[in-house]
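1. my questions concern the predicted model and sequence given below.
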Amino acid sequence: MTYLWVALGGAVGAAARYGIVQWMSTRWGMAFPWGTLAVNVTGSLAIGFLAALLSTRTADPTLRLVLITGLLGGYTTFSAFSFETLALISAGRWAAATAYIAGSVLLGLLASALGFSLATIVGR
């Protein structure tokens, strides 16, 4: 049942992300990814707020899974990246936080380029 709740939250989050990106693209164009930026920032705000709120009150663990793992996970994984980085910094683990930031961005870019190259080769 837990997987179903996470999946339902994820579906709502993904639909919200799509709607926001589409709306912002039609409003401000596609020369800059304003929609994705807005989703990443609002998702990061939401995960910080919900993580603090749900950790200080007696909350149903299913609610945390639905909202944070499901909804925000479907909305943006950047929110999880931001919160996990903040947790490392808050714990004084600056080297780990720096490695996580650099590794996520650089390895993510390299993996994306590799995937693009592989698809180009396969698609020929």
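-> All right, it came through fine.
2. how about the host helix or strand of I101: buried residues?
-> Following DSSP states H and E, the helix or strand that holds I101 is helix 94-122. Neighbour-count burial for helix 94-122, counted by 16 or more other CB atoms under 10 Å, picks out 97, 100. Every C-beta, even on glycine, is put in place using the N, C-alpha and C of the backbone.
3. which strands and helices lie in contact with that helix?
-> Using 3 or more CB pairs under 8 Å, 6 or more residues apart in numbering; DSSP states H and E, the elements in contact with helix 94-122 are helix 78-90.
4. run the angle between the helix it packs on and helix 94-122 for me.
-> Angle between the axes of helix 78-90 and helix 94-122 is 150 degrees (criterion: axes from the mean of the first three to the mean of the last three CA atoms, to 10 degrees).
5. starting at the chain centroid, how far to helix 78-90?
-> With CA atoms, centre = their mean, to the nearest Å as the basis, helix 78-90 stands 11 Å off its chain's centre.
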